[in-house]
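Trainee: What would the 3D arrangement of this be:
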Amino acid sequence: MTPGSTTPAQRRRLFFNAFVMNTTSHIHHGQWRRPDAQQHNFNDVETWIDLARILEEAKFDSMFFADVVGLYGDAEADYSVYVNEGLQIPSNDPAVLVGALAAHTEHIGLAVTSNVFQQHPTNFARQLTTLDHISKGRVAWNIVTGTQDNGYRNFGYEALADHSERYRWADEFVDVTYKLWEGSWDDDALVQDKAGSRHADPDKIHKIFHSSPRYRVEGPFLPAPSPQRTPLLFQAGSSGPGRDFAARNAEAVFLIAPTPEIARQQIEETRALAVSYGRDPHDITFHQGLSFVIGDTEDEAREKFRWYQQYVSADGYSAHSAIVDKAGRVYPADTPLSQIDTNTAKGFLEHLRKHITDREPTVGDLAVQRLEETVVVGTPEQIADTVELWQAAGVDGINVINWVIPGSFQEFADKVLPVLRERGLAQREYGEGTLRRKLFGQDRLSGRHPAARYRGAFTNGPRSWAEAEQAALTSGH
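Mentor: Next up, the predicted model:
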């Protein structure tokens, strides 16, 4: 397929998400110093309310909030570079901010990143259900397992858990949330019968008696089911264990592939894995992260990019791309990837090996990749052509990465989205209903998703831990 080879009526439209973080310097470091940048006002809720209104008017599908709970790099080294750059410190909790945005928007989805180790799954599930109620079904969860030693230390652990162990942890965490979201309440349990003085039916609200190595949760879930029950599930892992986890659990996968061909490989591998787990290959959508430099002419776009590069912080990109060994020490930038043994960023390293094939890639190449490989420079028509190439590789959506807030998104809305709409690649109006309905045509998770097995699973379940433990012994679990 080549750009323009199909008519708008023949194309499936793409999804467009605004990739943001409640901090000053998220991805493109140094840009906050520009006179037109407002992301340094991230503490002001009006900054985000105004941006949400811009995005909703432009018919973006969602605001996707990244998050971290610790510093990058060596947990025991000097961290002044992160503080000097505003590189994700200071940063605020996106779940709290999304509560405010939900009250000031009507259609746009609101995706929250939360790490599986940063709180107990029962409390987290309750927070997300509350947000789904407030937003009338527009919340998504980006499931992450963490990459920073400092983040784990902030929550009482000695060091970053092993890469594979982190995904086993995630399996336990999501299993608890699925039981609470999908199984604890029957659909018609909430009666609210004033005349009959009967608020809910106790026979339709169930304890879950979950027991696993990390969690012991009795239930029942305190919130009543929200419009989606389980929020839309994003996931961003691109390593082998990450793809496997996505194949079993994700509905939307966030990619940062350096080329469409590498994206195609990850998409095809993940879809094939999904089929092996009993899911449909299109139960999962894939969303590529891209930055845009837009000009009315190609020369203007390239001149604008040169101006952006005047504000680039090499220190910021290098610090963000730091790779640490299993003892937590940072590898020098000239370290060949063949000498790397790390628990972090395995997916990024795999992408780099596939992308640079004429020489041995180094750690320093990661910083270059962040700045150059996923940046599209050109006119709106040229940008639309490039977006079509990503779509041809199997991508379902684009996570638009900003240089500045709100200007990057306003410019994309004003100049690029109209061209994309003409080609049938972007929506003109929002569909009705929840975020999941907008993406998949239904409010609830597909019956093929592993969470669906808990629907009705506790209706005739145990009434005590003793009964639950006996049942587990009988079943061999």
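Trainee: what stretches of the stretch 351-477 of the chain score poorly on pLDDT?
Mentor: Within the stretch 351-477 of the chain, the stretches with pLDDT under 70 are 351-356, 363-372, 477.
Trainee: The same query, at a cut-off of 80, please.
Mentor: Where the stretch 351-477 of the chain drops to pLDDT under 80, the residues are 351-373, 475-477.
Trainee: Now do the helices in it.
Mentor: Listed in chain order, the helices of the stretch 351-477 of the chain (DSSP state H, counting those that start in this stretch) span 364-372, 380-392, 407-411, 417-422, 435-440, 465-475.
Trainee: From the chain's centroid, how far away is the longest strand belonging to the chain?
Mentor: Selection of the longest strand in the chain by residue count, based on DSSP state E, yields strand 285-294. In terms of C-alpha atoms, centre = their mean, to the nearest Å, the centre of strand 285-294 is set 13 Å apart from its chain centre.
Trainee: Next, the angle helix 380-392 makes with that strand.
Mentor: 160 degrees (axes from the mean of the first three to the mean of the last three C-alpha atoms, to 10 degrees).
Trainee: all strands in the chain, in order from the N-terminus.
Mentor: 15-21, 62-66, 109-115, 139-144, 190-193, 198-200, 210-211, 216-217, 232-235, 252-255, 285-294, 375-378, 397-401.
Trainee: Out of those, flag the one nearest L160.
Mentor: Closest to L160 of the strands of the chain is strand 109-115 (C-beta to C-beta; 11.4 Å). In this view, the C-beta of every residue, glycine as well, is placed from N, C-alpha and C.
Trainee: Given the closest one, what are its sheet partners and their directions?
Mentor: strand 62-66 (parallel), strand 139-144 (parallel) (DSSP bridges).
Trainee: out of the ones you listed, which comes closest to F292?
Mentor: So among the strands paired with strand 109-115, strand 62-66 is nearest, using C-beta to C-beta, at 15.9 Å.
Trainee: what's the angle between that closest one and strand 15-21?
Mentor: Relative orientation of strand 62-66 versus strand 15-21 (the same axes, to 10 degrees): 30 degrees.
Trainee: quick one: strand 62-66 to strand 397-401, angle?
Mentor: 60 degrees.
Trainee: In the stretch 151-300 of the chain, where is pLDDT below threshold?
Mentor: For the stretch 151-300 of the chain, applying pLDDT under 80 flags the ranges 237-238.
Trainee: and the most centrally placed residue in the chain, bridged to which residues?
Mentor: For the chain, N142 is the residue whose C-alpha lies nearest the centre (C-alpha atoms, centre = their mean; 3.7 Å). Beta-bridge pairing of N142 under DSSP bridges involves T113, F234.
Trainee: What's the local residue count around D201?
Mentor: 14 (other C-beta atoms under 10 Å).
Trainee: Going forward, the N-terminal residue is numbered 160.
Mentor: In the new count, where the first residue is 160, that last one comes out as D360.
Trainee: which ones are touching it?
Mentor: 345, 347-348, 350 (C-beta atoms under 8 Å, 6 or more residues apart in numbering).
Trainee: What of P382?
Mentor: P382 sits in contact with 285, 288-289, 292, where contact means C-beta under 8 Å, 6+ apart.
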